[in-house]
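Undergrad: sequence and predicted model, in that order:
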Amino acid sequence: MNDLLEVLNPQQQQAVAAPAGPTLVLAGPGSGKTRVLTYRIAYLVGAMNVPAWHILAVTFTNKAARQMGERVQKLLGAQAEGIWLGTFHAVCGRILRREADLLPVDRDFVIFDADDQETLMKEVVREANLDDKLYRPASILDAISRAKNDLVAAEDFPVHNYRDEVTRRLYLQYQQRLVRNNAMDFDDMLVYTNQILENYQVVRETYSHKFEHILVDEFQDTNLAQYAILRNLALLHHNLYVVGDEDQSIYRWRGADYRNIQRFQTDFKDARVILLEQNYRSTQTILDGAMAVIDRNLNRTRKKLFTEQTRGDRINLIVAQDDRDEASRVVSAIRDGIIRERQPASAFAVMYRTNAQSRLLEEAFRREGIPYRLVGAQRFYGRREVKDIISFLRLIHNPKDEVSLRRVINLPARGIGDKSIEKLAEAAAQAGISMGEVLLDMAAGGTETGLSISREGARLLAFARMLHAWRESSTKNTPAILFDRVVEDTGYQNYIQDHSDEGIERWENVLELRTVLLEYEDQGLGAFLEAMALVADQDTLPEAVDAPVMLTLHAAKGLEFDQVFIVGLDEMLLPHSRSRDDEEALAEERRLLYVGITRARKRLTLTRAQRRRSPYGSYEETIPSRFLDDIPAEVLQGSSRGLPGRFAAKQWDDYSRWESPAFMPARREAQPAAKRFKAGMQVRHKTYGRGVVKASRLEHGDETVEVYFEGYGLKALVASLAGLEIL
DNA sequence: GCATCGGATTTTTTT
DNA sequence: AATCCGATGC
């Protein structure tokens, strides 16, 4: 055990070997957080003799869970047997299946993903005779989700205006529908788990007795529901060990509340607090840039990140002509790194704010013939054909799943249209059972509903018999055999293979799904479906592939790369336009950039484009991200910040409301009426040193000077900002 | 019941 | 630009 501690610095040792009791580890980026967590687990088992099955470790993403699992396995081997380690949702799923008797749904409940939720909500809205333009299902669901994250039940939904009143009604309806579908959504998993812990003393005691030690990663991203669960689980032993960094809280929109860190310290007065500040990842230059960005945020504990590494290269700034140019410059920089500098391709990562930004990058990579890895985005599991097949399987597993039933009952087209489906729905309503159950009843020869006599009944009956046969098959055969039957019986291959390239790709996806299914031969269909619902972010490519990675800033959390490119440092993108009038949201955008910057080990490149194709149509001029202003010139190199556009009078008017007041002063006053510089002048710049003016022009009410600096090359500088000294 | 066409509508991040 | 929705015609 002692050699375990030897490789750690004093703070890490203190954290790993902390005595039992509530503990809060505030860990800056790259401070060895995951290491501390895994070693802590090893320490509990090895030094404190805690059996692994008394330990619960919770993470946010599957990626993090997998990573931690592997490391713990390596440290402990067989001793790790029995530990509960997984995402919040996976852990809750496990508890809920075990305690299903206490739920309004049965053990075979399915988990509705965002698509399913929207389908269901659309129906609820329509049923309520409301306009789905006015009450957009997505936005209603958003409100409901927020309520659930705050543990607010439908009955308690606060009503301040008419819209709230409507939302409340829809919330109530939606919950009812979920139960009727024997389903729950992601948020329900947390809400239900907390409910049974709160309401049933036996359950609470069982689990809080079982989990002597609870460890939580990314604690700053917990929402109230998650916090409540943790508190209930830790009730008996109080051994809640949480690791987090408020500066990396980036899931506010999902209900995360970094104030849980403060809440924790209030609820557990005796909590030990340990600070990890030494960074083992990045160069000091990168850390300086990161701190300069994050220090602008208020209400936080200021941390001083330091490293023993060298200063390293400056942060590179590329200002591209337009977004396409931006993508190709990033890709050619990566190509140079791979070819000229002989860096492994997987040392590079490109990060962006929105998934949509990956498209141009993909195209650029393809133009250069460089293979790449795309994390998340147009997810494999989101593909239509994949969802189709999963819907069949889900319906077989849980016939009450009406969303799946409606999706597949006429797929491929078998003459069952809206009319027939409505008849079926009516029959179900009258019999007081679900549509799927009506079908199964029909297949079994039941005449209870009298549906099978009518003309459309014949077609329904045919489908019903198929469903019935599949159900039989599912109890006797492995999931893969069932899968084959479904595909064959429905003629699904012919349906999607329309001889186009796309059709072939679709079919390949179906086959790919089958290979995933093979891994669940032993665990069964239920486990497969649960994994499908919860493992949506899974990368579809094996990690071993040596290729650059493209991913969102959100997906980048917890990862690190030698060379990081963050693209799109423009207003509207980063910070994103949606956060424009919300201080808190803006602070979160800043944290997002901070997370991105601190992923870099050796080199960091920030890029922006002067023009961008708007998602709507034509090109639009951009404004440089306000965050660029915060990075001190001493740590930057490359293009000028591309600032001229920012002060163009016209744009200023359009976008002035964008600027927070604190950033506005001084700069506008400095507009010169005439040129101060002309070609040939010797000047001095505080970063670049001595240079010769090549050209100067008045632009957008400011003076842009091109200066040639020894060792840096030609730079375009804005006179009012650059602080050029004429020699 | 189904296919096709045209018009309207796109609001970020993920378990 | 791309996708979704609805209306129309077969």
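TA: All right, it came through fine.
Undergrad: any residue of stretch A:245-259 touching DNA strand B?
TA: Yes - under the criterion of C-beta under 7 Å from any atom of the strand, DNA strand B is reached by stretch A:245-259 at A:Ile250, A:Trp253, A:Arg254. Backbone N, C-alpha and C define where each C-beta goes, glycine included.
Undergrad: what's the end-to-end length of that stretch?
TA: The first and final residues of stretch A:245-259 sit 11 Å from each other (C-alpha to C-alpha, to the nearest Å).
Undergrad: what lines up beside the lengthiest strand in chain A in the sheet?
TA: Longest strand in chain A, counting residues (DSSP state E): strand A:600-613. Take DSSP bridges as the rule and strand A:600-613 pairs in its sheet with strand A:315-322 (parallel), strand A:561-566 (parallel), strand A:619-621 (antiparallel).
Undergrad: any chance you could list what contacts stretch A:433-442?
TA: A:180-182, A:395, A:398-402, A:405, A:424-425, A:427-428, A:431, A:448-449, A:451-452, A:457, A:460-461, A:463-464, A:467-468, A:471 (C-beta atoms under 8 Å, 6 or more residues apart in numbering).
Undergrad: how about 6 Å then?
TA: Stretch A:433-442 has contacts (C-beta atoms under 6 Å, 6 or more residues apart in numbering) with A:399-400, A:402, A:405, A:424-425, A:427-428, A:448-449, A:452, A:461, A:464, A:467-468.
Undergrad: report the buried members of the residues you listed.
TA: Among the contacts of stretch A:433-442, the ones that count as buried by 16 or more other C-beta atoms under 10 Å are A:399-400, A:402, A:405, A:424-425, A:427-428, A:449, A:452, A:461, A:464, A:467-468.
Undergrad: follow-up on the earlier one: do the longest strand of chain A and DNA strand C meet at all?
TA: No - using C-beta under 7 Å from any atom of the strand, we find that strand A:600-613 stays clear of DNA strand C, coming within 7.7 Å at best.
Undergrad: which residues sit against that strand?
TA: Contact with strand A:600-613 is made by A:281-282, A:286, A:313, A:315-323, A:326, A:560, A:562-567, A:569-570, A:619, A:621-622, A:624, as judged by C-beta under 6 Å, 6+ apart.
Undergrad: ok, of those, which come out buried?
TA: For the contacts of strand A:600-613, buried by 16+ other C-beta under 10 Å: A:281-282, A:286, A:313, A:315-320, A:322-323, A:326, A:560, A:563-567, A:569-570, A:622, A:624.
Undergrad: secondary structure element holding A:Lys694?
TA: strand A:689-699 (DSSP states H and E).
Undergrad: can I get that strand in PDB? Just the C-alpha atoms.
TA: This file holds the C-alpha atoms of strand A:689-699, laid out as PDB (Å, rounded to 0.1, in the frame of the first residue of the first chain):
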ATOM      1  CA  GLY A 689       9.800  43.700 -30.100                       C
ATOM      2  CA  ARG A 690      11.200  45.800 -33.000                       C
ATOM      3  CA  GLY A 691       9.600  45.800 -36.400                       C
ATOM      4  CA  VAL A 692       9.200  47.700 -39.600                       C
ATOM      5  CA  VAL A 693       5.900  49.000 -40.800                       C
ATOM      6  CA  LYS A 694       5.000  47.600 -44.200                       C
ATOM      7  CA  ALA A 695       1.600  49.200 -44.700                       C
ATOM      8  CA  SER A 696      -1.100  51.000 -42.800                       C
ATOM      9  CA  ARG A 697      -4.700  51.700 -43.700                       C
ATOM     10  CA  LEU A 698      -7.800  53.200 -42.000                       C
ATOM     11  CA  GLU A 699     -10.400  50.500 -41.600                       C
END
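Undergrad: which strands or helices does it pack on?
TA: Under the contact definition 3 or more C-beta pairs under 6 Å, 6 or more residues apart in numbering; DSSP states H and E, strand A:689-699 sits against strand A:702-709.
Undergrad: if we use 7 Å, what do you get?
TA: Helices and strands touching strand A:689-699, by 3 or more C-beta pairs under 7 Å, 6 or more residues apart in numbering; DSSP states H and E, are strand A:682-685, strand A:702-709.
Undergrad: still on that earlier bit, let me know the closest of the residues of stretch A:245-259 next to DNA strand B to A:Ala271.
TA: Within those, the smallest distance to A:Ala271 is 23.9 Å, found for A:Ile250 (C-beta to C-beta).
Undergrad: helix, strand or coil for the closest one?
TA: coil (DSSP: H, G, I helix; E, B strand; the rest coil).
Undergrad: now do the same contact list for it.
TA: Shown in contact with A:Ile250 (C-beta atoms under 7 Å, 6 or more residues apart in numbering): A:His554, A:Lys557, A:Glu588, A:Arg591, A:Leu592, A:Val595.
Undergrad: just those residues: which has the poorest pLDDT?
TA: Least confident of those in the model: A:Lys557, at 88.
Undergrad: so it sits right up against A:Tyr594, yeah?
TA: No - using C-beta atoms under 7 Å, A:Lys557 is not in contact with A:Tyr594, being 10.5 Å away.
Undergrad: which residue ranges form the helices in the stretch 501-650 of chain A?
TA: A:501-518, A:525-534, A:553-556, A:583-597, A:649-655 (DSSP state H, counting those that start in this stretch).
Undergrad: closest one to A:Tyr171 among the ones you listed?
TA: Once the helices of the stretch 501-650 of chain A are compared by C-beta to C-beta, helix A:525-534 is nearest, at 21.5 Å.
Undergrad: coming back round to it: from the residues of stretch A:245-259 next to DNA strand B, pick the one nearest DNA strand B.
TA: DNA strand B lies nearest to A:Trp253 out of the residues of stretch A:245-259 next to DNA strand B, by C-beta to the nearest atom of the strand, at 3.5 Å.
Undergrad: measure that closest one to A:Arg590 for me?
TA: From A:Trp253 over to A:Arg590 the distance is 15 Å, taken as C-beta to C-beta, to the nearest Å.
Undergrad: identify, by residue count, the longest helix of chain A.
TA: Assignment by DSSP state H gives helix A:455-476 as the longest helix of chain A.
Undergrad: same for the helix or strand just after it, what does it pack against?
TA: Using DSSP H and E, the next helix or strand after helix A:455-476 towards the C-terminus is helix A:479-490. Counting contacts by 3+ C-beta pairs under 7 Å, 6+ apart, the secondary-structure elements packed against helix A:479-490 are helix A:455-476, helix A:501-518.
Undergrad: weakest of those by average pLDDT?
TA: Among the helices and strands packed on helix A:479-490, helix A:501-518 scores lowest, with a mean of 83.
Undergrad: give the buried residues for that helix.
TA: In helix A:501-518, counting by 16+ other C-beta under 10 Å, buried: A:Gly503, A:Arg506, A:Trp507, A:Asn509, A:Val510, A:Leu513, A:Val516, A:Leu517.
Undergrad: and for stretch A:328-337?
TA: A:Ser328, A:Arg329, A:Val330, A:Val331, A:Ala333, A:Ile334, A:Arg335, A:Gly337.
Undergrad: stretch A:150-161 too?
TA: So for stretch A:150-161, counting by 16+ other C-beta under 10 Å, buried means A:Leu151, A:Val152, A:Ala154, A:Phe157.
Undergrad: distance check, the last one against DNA strand C.
TA: Right, the one you point to is A:Phe157. 25 Å (C-beta to the nearest atom of the strand, to the nearest Å).
Undergrad: what's that residue in contact with, if anything?
TA: So A:Phe157 contacts A:Ala147, A:Thr167, A:Arg168, A:Tyr171 (C-beta under 7 Å, 6+ apart).
Undergrad: of these, which is the nearest to A:Ile140?
TA: A:Thr167 (5.9 Å).
Undergrad: okay, now the closest one: neighbour count?
TA: For A:Thr167, the neighbour count with other C-beta atoms under 10 Å is 24.
Undergrad: what helix or strand is it on?
TA: Under the assignment here (DSSP H and E), A:Thr167 is part of helix A:162-180.
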